[in-house]
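Asks: Quick check, what structure comes out for this input:
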Amino acid sequence: MNKHIFFILFFALFITTAVTADNNSVEVTQFIHHMVKQYHFDKSELEQLFERAKINDNILRLISKPAEKSKPWSEYRSILVTPKRVKDGISFWNINRDILSQAQQKFGVPAEIITAIIGIESSYGSNTGKYHIFDSLFTLGFHYPSRGKFFRQQLVEFLLLAREEKRDPYWFMGSYAGAMGYIQFMPDSFRSYAVDFDQDGKRDIWGNSTDAIGSVANFLKKKGEWQRGAPIAQMINPGNVDYQQWLHQGLKPSIPLQALIKQGIKIPGLQPTFKDKLISVFVLEAAEQTQVLLGFYNFYAITRYNPSLFYATAVYQLAEEIKQQVRQE
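Replies: Predicted coordinates:
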């Protein structure tokens, strides 16, 4: 045998052995034992499943550089709130107008917010992810120590989900972090908040926009505690008023809006009934000028979907642009 071929085969055997050994680590063995004992999975089937698992180094690279931590707001916005996403959002709204109306009526969540979330999460279903969910959660659960506990729990939820949906775990595709479908639900969110909105007997967020729309609205209503008819957010010009004292109070509203009004903050178009609301105050650094944003409780509800100031602001601004253009049609 050619010595070069020998070394190639030896190296390949070494890699395969290393992966197999990793897939049968103490942590994996304990995880399988937990699933068998707690949820009555078949031990041999799980062992075979984990033998197929692959560590994806690209996933580990991606999760170490989330967009919000590496990009300023102006750049983050330019990626998410684009003319194309607005245009596609209008099309999505027009195609699903009746379903969005039904969801708004049932859950109280505005059609434009549902549309914007689906637009940002998956470009209205056109980009739902290219990774095997099982491999994503395996990689992050057992090879990303800082958040391993979280992703192992998501792996528990995912295996339960796959069993409930009667699907091979390798059927499910999604994001590098394990999010799925039109609305990029994590497995625990799917099991808790996904709904069969068209009542066909399945909760399908992968290929069914109706179920996706209902599930987003249900999530915001149940987990976000969305307040029907209440304000979401508003950009303000603080003028000469010192607003620094109200910053860094967290995403959840805790500042009486009356306190800002008494200090001289002007809020155009504010309904009198909203003056008793609590708000949060945020600063968004932009190339042109610093922007000050007031977040009401419904803004906080959006952050329950993704606990990010930038994310919630992008959803809100995209929703407003889509709504404005739909009304002009």
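
Asks: drop to CA atoms for contacts and neighbour counts, all remaining ones
Replies: Will do.

Asks: Strands along the stretch 51-200 of the chain, start to end?
Replies: Remark: strands assigned in the stretch 51-200 of the chain by DSSP state E, counting those that start in this stretch are 131-132, 173-174.

Asks: just the ones you listed: most buried one?
Replies: With neighbours defined as mean count of other C-alpha atoms under 10 Å, these peak in mean count at strand 173-174, which reaches a mean of 22.

Asks: For that strand, give me every contacting residue.
Replies: Here strand 173-174 makes contact (C-alpha atoms under 8 Å, 6 or more residues apart in numbering) with 128-133, 180-181, 184.

Asks: any idea of the mean pLDDT for it?
Replies: Averaging pLDDT along strand 173-174 gives 96.

Asks: Now do it: distance to the chain's middle.
Replies: Here strand 173-174 is found 13 Å from its chain centre; the criterion is C-alpha atoms, centre = their mean, to the nearest Å.

Asks: Stretch 255-271 too?
Replies: That offset, for stretch 255-271, works out to 31 Å (C-alpha atoms, centre = their mean).

Asks: Quick check: buried residues in stretch 186-205?
Replies: For stretch 186-205, a neighbour-count test (16 or more other C-alpha atoms under 10 Å) marks 186-191, 193-197, 203-205 as buried.

Asks: So which of the residues you listed is the closest to L100?
Replies: Among the buried residues of stretch 186-205, F197 lies closest to L100 (C-alpha to C-alpha), at 10.9 Å.

Asks: what's the spacing between the closest one and Q105?
Replies: 13 Å (C-alpha to C-alpha, to the nearest Å).

Asks: now S175
Replies: 31 Å.

Asks: Can you give me the pLDDT of E285?
Replies: 82.

Asks: Check H4 too.
Replies: The model's pLDDT for H4 equals 44.

Asks: tell me the secondary structure for K221?
Replies: helix (DSSP: H, G, I helix; E, B strand; the rest coil).

Asks: okay, now the spatially closest residue to it that is not a sequence neighbour: neighbour count?
Replies: Spatial nearest neighbour of K221, chain neighbours left out: F107 (6.0 Å); criterion: C-alpha to C-alpha, 6 or more residues apart in numbering. By the measure other C-alpha atoms under 10 Å, the count of residues near F107 is 20.

Asks: now swap in L247 and tell me
Replies: Count around L247 with other C-alpha under 10 Å applied: 13.

Asks: same thing with A319?
Replies: Using other C-alpha under 10 Å, A319 is surrounded by 23 other residues.

Asks: same deal with I183?
Replies: Residues near I183, counting by other C-alpha under 10 Å, number 29.

Asks: still on that earlier bit, dump the strands of the stretch 51-200 of the chain to CSV, plus distance to F296.
Replies: Rendered in CSV, the data for the strands of the stretch 51-200 of the chain read as follows (distance: least, C-alpha to C-alpha, whole Å):
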stretch, distance to F296
strand 131-132, 36
strand 173-174, 32
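
Asks: wait, which of those is closest to N58?
Replies: Nearest of the strands of the stretch 51-200 of the chain (C-alpha to C-alpha): strand 131-132, 10.4 Å.

Asks: For the closest one, name the packing helices and strands.
Replies: On a contact count with 3 or more C-alpha pairs under 8 Å, 6 or more residues apart in numbering; DSSP states H and E, strand 131-132 meets strand 173-174.

Asks: circling back: neighbour-wise, which of S175 and Q105 wins?
Replies: S175 (21 against 13).

Asks: Quick check: the more buried one vs V195, distance?
Replies: 21 Å.

Asks: Pop the domain breakdown of this structure in here.
Replies: 72-227+303-329, 233-295 (automatic domain parsing).

Asks: Just flag the most distant two among the contacts of strand 173-174.
Replies: H132 and Q184, at 13.5 Å, using C-alpha to C-alpha across those.

Asks: Where does pLDDT dip in the stretch 151-300 of the chain?
Replies: Across the stretch 151-300 of the chain, the ranges flagged by pLDDT under 70 are 286-288.

Asks: For it, which segments are assigned as helices?
Replies: Assigned by DSSP state H, counting those that start in this stretch, the stretch 151-300 of the chain shows helices spanning 187-193, 209-222, 257-262, 297-303.

Asks: Just give me the neighbour total for D135.
Replies: 24.

Asks: ok, now which ones touch it?
Replies: D135 neighbours (C-alpha under 8 Å, 6+ apart): 53-56.

Asks: ditto for G224
Replies: So G224 contacts 298, 300-302, 304-305 (C-alpha under 8 Å, 6+ apart).

Asks: thinking again about what came up before, and the buried residues of stretch 186-205, which is closest to I232?
Replies: Nearest to I232 among the buried residues of stretch 186-205, with distances taken as C-alpha to C-alpha, is Y193, at 21.7 Å.

Asks: What distance do you get for the closest residue to that closest one other than its chain neighbours to K275?
Replies: Closest residue to Y193 apart from its sequence neighbours, by C-alpha to C-alpha, 6+ apart: F219 at 5.4 Å. According to C-alpha to C-alpha, F219 stands 27 Å off from K275.

Asks: same check, this time on L155
Replies: 44 Å.
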